[in-house]
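Novice: one predicted model, sequence on top.
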Amino acid sequence: MAVVIRLTRRGAKKKPFYRIVATDSRSPRDGRFLEVLGTYDPLKDKDEERIKVDVEKASSWLKKGAKASRTVGTLFKKAGVAL
């Protein structure tokens, strides 16, 4: 089972809100996931409030061999998670 860290979309129409999740690579975008690692809200004003990541959980999954998507990798860099 290949584990990836990616975004799942939540929120209403035209008001997106995303969860950062660890999931099996074969599951659909908004399907089943293993663990929620944080959130991303693109509609907030400040960068500090937009991205919330549990650094310990994210680092743990990365050490176990999970691959982060390109977008999540960018968010992790902004949040201070070492890739």
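Specialist: On my side now, so go ahead.
Novice: report the helix or strand with the lowest average pLDDT across the chain.
Specialist: Ranked by mean pLDDT, DSSP states H and E, the weakest helix or strand in the chain is helix 47-50, scoring a mean of 77.
Novice: where does Thr8 land in three-state SS?
Specialist: Per DSSP: H, G, I helix; E, B strand; the rest coil, the secondary structure class of Thr8 is strand.
Novice: compute the distance between it and Lys57, please.
Specialist: From Thr8 across to Lys57, the span is 16 Å (Cβ to Cβ, to the nearest Å). From N, CA and C alone the C-beta is placed, and that goes for glycine too.
Novice: please apply the same query to Ile51.
Specialist: Applying Cβ to Cβ to Ile51 and Lys57 gives a distance of 14 Å.
Novice: where along this protein do the strands fall?
Specialist: Secondary structure of the chain by DSSP state E: the strands cover 3-12, 15-24, 35-40, 51-53, 67-68.
Novice: and the last one, which strands flank it?
Specialist: It stands for strand 67-68. Using DSSP bridges, strand 67-68 pairs in its sheet with strand 3-12 (parallel).
Novice: one more: the second one?
Specialist: Sheet pairing for strand 15-24, assigned by DSSP bridges, gives strand 3-12 (antiparallel), strand 35-40 (antiparallel).
Novice: is it true that Phe33 touches Thr8?
Specialist: Yes. Applying Cβ atoms under 8 Å, one finds Phe33 in contact with Thr8, separated by 6.7 Å.
Novice: overlap in contacts of these two?
Specialist: Counting by Cβ atoms under 8 Å, 6 or more residues apart in numbering, the residues touching both Phe33 and Thr8 are Arg19, Val21, Thr23.
Novice: mind putting these in TSV, neighbour count included?
Specialist: TSV is the format used below for the shared contacts of Phe33 and Thr8 (neighbours: other Cβ atoms under 10 Å):
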residue	neighbour count
Arg19	16
Val21	24
Thr23	20
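Novice: mind putting the residues you listed into TSV with distance to Val72?
Specialist: Listed next are the shared contacts of Phe33 and Thr8 as TSV, based on distance: Cβ to Cβ, whole Å:
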residue	distance to Val72
Arg19	11
Val21	9
Thr23	11
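Novice: now the residues you listed in CSV, with pLDDT and distance to Val81?
Specialist: CSV is the format used below for these (pLDDT from 0 to 100; distance: Cβ to Cβ, whole Å):
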residue, pLDDT, distance to Val81
Arg19, 95, 16
Val21, 96, 14
Thr23, 95, 17
